[in-house]
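Visitor: Mind looking at a prediction? Sequence and model below.
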Amino acid sequence: GAVVSQHPSRVICKSGTSVKIECRSLDFQATTMFWYRQFPKQSLMLMATSNEGSKATYEQGVEKDKFLINHASLTLSTLTVTSAHPEDSSFYICSASDRDGGTEAFFGQGTRLTVV
Amino acid sequence: AQTVTQSQPEMSVQEAETVTLSCTYDTSENNYYLFWYKQPPSRQMILVIRQEAYKQQNATENRFSVNFQKAAKSFSLKISDSQLGDTAMYFCAFTAYGNKLVFGAGTILRVKS
């Protein structure tokens, strides 16, 4: 199957700073990528849909100014958590599909963010 | 709006035995895909099995099979000959063409030796 690489796998940052998480499709082009947040023993909560060359679509309740998404190329989407606070600590996962809808989504390894 | 319901928060099974995880969904779409994903302690999401709604035949992947009942909007996962490596959180998920994945709440499965 296709490979999605997410980096970093773990990051610790100080409160008030920003942190960037990268999601790369290594062997296919992804016009759409998705960003999820997951709390321990809970399901994946969709945060936003990242569209190459256009603005991301955010789910209701997700602060677009805090979670900045950029999808500048067909193989890279980034999520920047701005002015991070301890409550932003979570597990973030990206996914991408190798063609439009109705097919398998390939997931990155996830990023554990800890804000201290 | 589509919803996916997994009513079993936790389950356990003895090694080598069979276990079935339940999933129901709600949609007005006629064409869609259903998936079961496994998330082991590493937290990497792994596709277990997928089912196209237009196919009546139930999907099978080695020890994993589904019971897809389109009219009842039910999509259960059967794991045969359970192995210790099957211990994980399992998510049922739905997507219609061009849409994003909708996940159920998940079922934690523990395989005991």
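Guide: Ah, there it is. Numbers count the residues shown, from 1 in each chain, chains lettered A, B, ... in the order given.
Visitor: ok now do the most centrally placed residue in chain A, which residues does it touch?
Guide: Relative to the mean C-alpha position of chain A, the nearest C-alpha, by C-alpha atoms, centre = their mean, is the one of A:Trp35, at 3.6 Å. Contacts for A:Trp35 were tallied using C-beta atoms under 8 Å, 6 or more residues apart in numbering or on different chains; they are A:Cys23, A:Leu46, A:Met47, A:Ala48, A:Ser50, A:Phe67, A:Ile69, A:Ser77, A:Leu79, A:Tyr92, A:Ile93, A:Cys94. (Each C-beta comes from the backbone N, C-alpha and C, glycine too.)
Visitor: which among those gets closest to B:Ala71?
Guide: Checking these against B:Ala71 by C-beta to C-beta gives A:Leu46 as the nearest, at 27.9 Å.
Visitor: returning to that earlier point: near chain B, which of the contacts of A:Trp35 show up?
Guide: The subset of these within reach of chain B, by C-beta under 8 Å from any C-beta of the partner chain, is A:Leu46, A:Ile93.
Visitor: Including pLDDT, distance to B:Tyr90 and secondary structure, could the contacts of A:Trp35 go into CSV?
Guide: Formatted as CSV, the contacts of A:Trp35 follow (pLDDT from 0 to 100; distance: C-beta to C-beta, whole Å; DSSP: H, G, I helix; E, B strand; the rest coil):
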residue, pLDDT, distance to B:Tyr90, secondary structure
A:Cys23, 96, 24, strand
A:Leu46, 93, 19, strand
A:Met47, 96, 22, strand
A:Ala48, 95, 25, strand
A:Ser50, 88, 26, strand
A:Phe67, 97, 27, strand
A:Ile69, 95, 28, strand
A:Ser77, 94, 27, strand
A:Leu79, 97, 26, strand
A:Tyr92, 98, 21, strand
A:Ile93, 97, 16, strand
A:Cys94, 96, 21, strand
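Visitor: And the buried ones among the contacts of A:Trp35, selectable in PyMOL?
Guide: Buried residues among the contacts of A:Trp35 (16 or more other C-beta atoms under 10 Å in any protein chain shown), as a PyMOL selection:
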select buried, chain A and resi 23+46+47+48+50+67+69+77+79+92+93+94
